[in-house]
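*Asks:* Sequence plus predicted model, see below.
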Amino acid sequence: MTHPATRRTVLLATGAAGAAALGIGCGNNGDGSSSAEASGQELARTADIPVGGGKIFKDEKVVVTQPTKGDFKAFSAVCTHQGCTVGTVADGTIDCPCHGSRFRIQDGSVANGPATRPLPEKQITVDGESIQLT
């Protein structure tokens, strides 16, 4: 005896088929690559990052700094206090506009609270004049 399709099984099957077609849940970027494979793209040119300062990339949630000439660092742009995106890089610190936390451009460590944890380091590669997120 076969059981007729219930509304629930039809909805589940339709949802699963739609998710598979869209690549939902697998990190598919629509071009056959996953989110992890999309890294390695150029984030900036070395000339874009000032010595003693940095630049925030809001879409990627990354801040790249150049504490000393030719020394590039990258950190999460998400403040460890309450998750705001940092807003500026000035006077040797990465500054959060929400509650005033400041982080050192050399290592992401806390220069001024209320944050108590450093910004997590992100991996970058400098290849010639190109800075890539890895």
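*Replies:* Looks like it came in fine.
*Asks:* Just give the number of residues close to residue 81.
*Replies:* Per other Cβ atoms under 10 Å, the neighbour tally for residue 81 reads 17. All C-beta atoms are positioned from the backbone trio N, CA, C, and that covers glycine.
*Asks:* can you check the one 3 residues further on too?
*Replies:* Applying other Cβ under 10 Å, we find 15 other residues in the vicinity of residue 84.
*Asks:* Over to the one 10 residues further on?
*Replies:* Neighbour count of residue 94, defined by other Cβ under 10 Å: 26.
*Asks:* do residue 113 as well
*Replies:* Applying other Cβ under 10 Å, we find 11 residues neighbouring residue 113.
*Asks:* what separates stretch 96-115 from the chain centre, distance-wise?
*Replies:* 17 Å (Cα atoms, centre = their mean, to the nearest Å).
*Asks:* Start and end of that stretch, how far apart?
*Replies:* Separation of the first and last residues of stretch 96-115 by Cα to Cα, to the nearest Å is 10 Å.
*Asks:* got the buried residues for it?
*Replies:* If you call a residue buried by 16 or more other Cβ atoms under 10 Å, then stretch 96-115 has these buried ones: 96, 101, 102, 103, 104, 105, 108, 110, 111, 115.
*Asks:* Pull the residues that contact that stretch.
*Replies:* 52-54, 65-67, 73, 75-76, 79-82, 84, 86-89, 92-95, 116-121 (Cβ atoms under 8 Å, 6 or more residues apart in numbering).
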